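1. A predicted structure for the sequence below; I have some questions about it.
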Number of protein chains: 2
Amino acid sequence: MSVTAPQGFRAAGVVAGLKDSGARDLALVVNDGPSRAAAAVFTRNRVKAAPVLWSEQVIKGRRVRAVVLNSGGANACTGPAGFQDTHATAETVAEAIQDSAGEIMVCSTGLIGERLPMDKLLPGVAVAAAGLSRTDGGLAAADAIRTTDSVAKIAFRQGAGGYMIGAMAKGAGMLAPSLATMLAVVTTDADLDAVALDRALRSATAVTLDRLDSDGCMSTNDTVLLMASGAAGVTPDEAEFTELLTDVCADLTRQLLVDAEGASKAITIEVVGAASDFDAVTVGRSIARNNLLKCAIHGEDPNWGRVLSAVGTTEAVFDPDEINVAINGVWVCRNGSFGDDRDKVDLRPRDVTITVDLSAGPNSATVWTTDLTADYVHENSAYST
Amino acid sequence: MSVTAPQGFRAAGVVAGLKDSGARDLALVVNDGPSRAAAAVFTRNRVKAAPVLWSEQVIKGRRVRAVVLNSGGANACTGPAGFQDTHATAETVAEAIQDSAGEIMVCSTGLIGERLPMDKLLPGVAVAAAGLSRTDGGLAAADAIRTTDSVAKIAFRQGAGGYMIGAMAKGAGMLAPSLATMLAVVTTDADLDAVALDRALRSATAVTLDRLDSDGCMSTNDTVLLMASGAAGVTPDEAEFTELLTDVCADLTRQLLVDAEGASKAITIEVVGAASDFDAVTVGRSIARNNLLKCAIHGEDPNWGRVLSAVGTTEAVFDPDEINVAINGVWVCRNGSFGDDRDKVDLRPRDVTITVDLSAGPNSATVWTTDLTADYVHENSAYST
């Protein structure tokens, strides 16, 4: 059901012809209300794709009627003409559903630096608008936003009082947000205003989608959009809604992690004993981005020295002689030196947990990453060819 | 000749038995004076190996009689016992050459987190001391400090008035200094005091060894040591000496770049039009550390969008719509959008140059890196096994 699990939403996923493969490449999600309250977070990359520049303006109005998403081209680094293409896309959607372009979000994903084939995209919008459906559209839309994703990513949950949250996401590489990450659309039929939605979305993504760092690279297009239709007629407690939303985002995060390009391991990095949350996240990200460690985990080598080496590059509060590191539960490093026998570490399972205890305070954070593999190199060497 | 090209130096490289392969693994370089003036730069990693902690103390005295270096073990994350091992190594050298341990530098390289086999290392020191030689020792020492280096790295130059600078270095992975990088010993028979040597060394390494960033990972052991014997009886102009030293360090940098683990491309990143030197270096490093771009170059794909994506993650001064990018001389990105035909870019040669014009000022910097390959993954997956 994905984004159409909540009441008040219709969606479509169609073949516009942007992808040479002939796969679905255009998705449309429409909020039929009664509410149009919305919130969004975007990439912090200063080089922003045209659809991000457009959508940042749209979300200032705190109302979104529909979002149109395309794979097969990022429409990034395409200059003023690229922005006009985004504008024309929004106008075409507006015309098709008889609404205002100012409430139409646009998201694009794919190769940077090429214009979109508008002669294919705009007719695709009309086809999508004509095929909008609550029953069939959710899965088709989730399928249409895939790039190198091997599977579509969807999630949904029911909240107290019967309201729903639904979601779809794409993203299998270049996951390193610092704010948002990848394309994700989350819908709900709860009735919450845009300010509450914004608080809930920032809170939820900060500890889920924003903590997934597959290769340290930050996209030009990352967008996470939350739309509320209010169709369930339920106004949930904000804390309870935030918790459910966090659960949905965590579910998407897990799906993105497991499907990351070329990865053979899903690595959870738990940083505990930090002097601040900021320190914990900083240390977690530094470990997540250490190529040598990611290679070692790929080789099933519990090379904890590379963990310490990554910790040492940060400004976090710690004493090198008081750091402890466990890999899959074995404390291979105690007090900054060798601890339990590294041969006891079983790195054969796909899931790997690295725990770092900084012994510097009560704070903690979890960051997720993947190993670095020859398959990753292969997939990313050949992406645009 | 390497470090023994200048007068006043003897060296040795021997098999102590630290490496299972039976290759040379212990080097000793002795300065016979008359001067003992010295300067050094070290890793900025806050997790420092025992020999770095020791050598940082030694260099405070501004005099170095000898440096002992071992491959086959980094002696990092080995606690107080590891520091005692370093101390014992210096004492053993001091005893063998009848001098003070307080003027003996120690460098180690290899796997982190394991004690060195001192029962092999200390006898090796005695063998090295007995075999010190000006004629044969330089190359043997350069050979002994290799880890995964496929070749020994040496350089030497003659300065005005007949003085010499000689050098050796190791480092084929984990090159990302922020200050120094890898192990390097540079010698000269010029007569300069330690303060002048320190200025010259910091100036030279800042634009050479410090600008080489193969994988973004910062070692626990990086050390660059400069020792002056004064044996040539020449006191060169400091600017001229600095220039010659920079030339030697650039030579080593090039050798390290070409021999980086698993690399198939040597990538020069030139950042021009920056508002400051700091901005230029920051942008250069961000590009050098972008795994997706490094994969693209490996695949001979002129994916300039990944260059812009990397630039956009920095805080440097620029307008996204004014950035220009050339790859091997073809301006594939103009004003933040597509420029000349990317098919004109020939990425078949090993040497690749990426030029980024930020259009924000008069400053520039060059950073060197390598591509990301399946061989890199393979070598670093299996390093400790």
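-> Done, it's in.
2. my guess is A:Thr4 meets A:Gly166, correct?
-> Yes. Shown here, A:Thr4 and A:Gly166 form a contact pair, counting by Cβ atoms under 8 Å, at 6.4 Å. Using the backbone N, CA and C atoms, a C-beta is placed for each residue, glycine as well.
3. give me the more crowded residue out of the two.
-> A:Thr4 (30 against 25; other Cβ atoms under 10 Å in any protein chain shown).
4. how much space separates the spatially closest residue to that one that is not a sequence neighbour from B:Lys294?
-> Sequence neighbours aside, A:Gly138 is the residue nearest to A:Thr4 in space, at 3.7 Å (criterion: Cβ to Cβ, 6 or more residues apart in numbering or on different chains). According to Cβ to Cβ, to the nearest Å, A:Gly138 stands 37 Å off from B:Lys294.
5. now do the shared contacts for A:Thr4 and A:Gly166.
-> Common contact partners of A:Thr4 and A:Gly166 (Cβ atoms under 8 Å, 6 or more residues apart in numbering or on different chains): A:Gly138, A:Thr187.
6. how big is the angle separating the worst-scoring helix or strand of chain A on mean pLDDT from helix B:374-381?
-> Between all helices and strands in chain A, the lowest mean by mean pLDDT, DSSP states H and E belongs to helix A:374-381, at a mean of 87. Counting by axes from the mean of the first three to the mean of the last three Cα atoms, to 10 degrees, helix A:374-381 lies at 150 degrees to helix B:374-381.
7. what about helix A:374-381, near chain B?
-> Yes. Judged by Cβ under 8 Å from any Cβ of the partner chain, helix A:374-381 and chain B are in contact via A:Ala374, A:Tyr376, A:Val377, A:His378, A:Glu379, A:Asn380, A:Ser381.
8. if I look at the residue of chain A most remote from its centre, how far off is B:Gly110?
-> Distance from the C-alpha centroid of chain A, by Cα atoms, centre = their mean, peaks at A:Asp341 (37.2 Å). Computed as Cβ to Cβ, the A:Asp341 to B:Gly110 distance reads 20 Å.
9. same check on A:Gly339?
-> Look at A:Gly339 and B:Gly110: by Cβ to Cβ, they are 20 Å apart.
10. now A:Val281
-> Counting by Cβ to Cβ - A:Val281 and B:Gly110 are separated by 32 Å.
11. determine the three-state secondary structure at A:Pro202.
-> Wrong residue type there; residue A:202 is Arg, not Pro. State at A:Arg202, reduced to three classes by DSSP: H, G, I helix; E, B strand; the rest coil: helix.
12. so which bits of the stretch 51-200 of chain A are right by chain B?
-> Residues of the stretch 51-200 of chain A lying near chain B by Cβ under 8 Å from any Cβ: A:74, A:76-79, A:81-82, A:111-115, A:173-174.
13. could you give me the PyMOL selection string for whichever of those are buried?
-> For the buried members of those, the matching PyMOL selection, counting by 16 or more other Cβ atoms under 10 Å in any protein chain shown, is:
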select buried, chain A and resi 74+76+77+78+79+82+111+112+113+114+173+174
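14. of the residues of the stretch 51-200 of chain A next to chain B, which is the nearest to chain B?
-> Of all these, chain B sits closest to A:Ile112, with 2.5 Å by Cβ to the nearest Cβ.
15. surely A:Ala50 is in contact with A:Asn75?
-> Yes. Taking Cβ under 8 Å as the definition, A:Ala50 is a contact partner of A:Asn75 at 4.8 Å.
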